[in-house]
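In: turn this into a model:
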Amino acid sequence: MIYAFLATGFEEVEALGPIDVCRRAGLEVKTVSITGELTVMGAHGVGIVADSLFEDNDYSDAEMLFLPGGMPGATNLDAHKGLGKVILAHYAQIKPLAAICAAPLVFGNLGLTDKRNMTCYPGFEKFLKGANYTAALVERDGLMFTGKGPAAALGLGYAIVEYFKGAEMAESLKQGMMYNDL
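Out: Numbering: from 1, shown residues only. Predicted structure coming up:
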């Protein structure tokens with residue numbers, strides 16, 4: 001199970017792009033509201049109904065945790081103490097984490113970025129303590145997946161699919177979604 005956490009002010013395309021790609025590959029993705037309400041308002045006024053509330057999951061079946069960016073979505077994720085505990089427990093089990101745009105700041109503030117190649121929205125690299133900021137559109141360093149911003153949404157999804165389902169599945173999705181035509 002991939003858990004995708006939604007906070008008020010999340011960047012809609014950064015959440016839905018990777019979720020869509022992963023679900024097309026047959027990966028199970030559950031959206032989780034950290035707001036206490038199932039409907040979460042994105043940064044551009046699009047309301048998304050999450051699959052569950054944060055407190056209704058135990059996360060023991062988590063294969064990956066995914067944080068979409070956006071402002072103030074990323075800072076709202078960062079401020080949620082329960083989410084921080086879930087991320088640290090997941091990381092301690094040596095399981096993959098993903099974040100895009102401003103959201104990698106959560107990993108930085110939790111002390112998970114040292115000596116890693118990472119990307120994020122320009123200006124937020126200051127939160128990636130000890131990381132090598134690459135400015136790549138999508139970056140994978142071991143079990144840490146990061147995307148630079150909205151344009152990286154599909155690419156991050158394909159990187160996650162490649163990790164779980166292999167390069168052939170990721171390439172098939174790229175072809176079917178006309179990604180390689182760009």
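In: strands of this protein, residue ranges please.
Out: Assigned by DSSP state E, the strands in the chain fall at 2-6, 29-33, 39-41, 47-49, 52-53, 64-67, 97-100, 117-118, 132-133, 138-141, 144-147.
In: adding distance to A15, write those out as a markdown table.
Out: (Glycine included, C-beta is placed from N, CA and C.) Formatted as a markdown table, the strands of the chain follow (distance: least, Cβ to Cβ, whole Å):
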| stretch | distance to A15 |
| --- | --- |
| strand 2-6 | 6 |
| strand 29-33 | 8 |
| strand 39-41 | 9 |
| strand 47-49 | 7 |
| strand 52-53 | 15 |
| strand 64-67 | 8 |
| strand 97-100 | 9 |
| strand 117-118 | 19 |
| strand 132-133 | 23 |
| strand 138-141 | 16 |
| strand 144-147 | 11 |
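In: possible to save these as a markdown table with mean pLDDT and distance to A167?
Out: As requested, these are exported to a markdown table (pLDDT from 0 to 100; distance: least, Cβ to Cβ, whole Å):
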| stretch | mean pLDDT | distance to A167 |
| --- | --- | --- |
| strand 2-6 | 98 | 19 |
| strand 29-33 | 98 | 20 |
| strand 39-41 | 98 | 33 |
| strand 47-49 | 97 | 30 |
| strand 52-53 | 98 | 31 |
| strand 64-67 | 98 | 18 |
| strand 97-100 | 98 | 18 |
| strand 117-118 | 98 | 20 |
| strand 132-133 | 98 | 24 |
| strand 138-141 | 98 | 13 |
| strand 144-147 | 98 | 15 |
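In: would you tell me which of those gets closest to E125?
Out: Nearest to E125, of all the strands of the chain, is strand 132-133, at 3.9 Å by Cβ to Cβ.
In: and of the strands of the chain, who's closest to V86?
Out: Comparing the strands of the chain by Cβ to Cβ, strand 64-67 comes nearest, at 6.9 Å.
In: partners of that closest one, with directions?
Out: strand 2-6 (parallel), strand 97-100 (parallel) (DSSP bridges).
In: deepest in the core, which of the ones you listed is it.
Out: When those are scored by mean count of other Cβ atoms under 10 Å, the highest mean neighbour count falls to strand 97-100 (a mean of 28).
In: any idea how far that one is from the middle of the chain?
Out: Distance of strand 97-100 from the chain centroid (Cα atoms, centre = their mean, to the nearest Å) equals 3 Å.
In: show me the contact partners of it.
Out: The list of residues contacting strand 97-100 from outside it, by Cβ atoms under 8 Å, 6 or more residues apart in numbering, reads 11, 14, 18, 64-69, 87, 90-91, 106-107, 112, 120, 143-149, 152-153, 156, 160.
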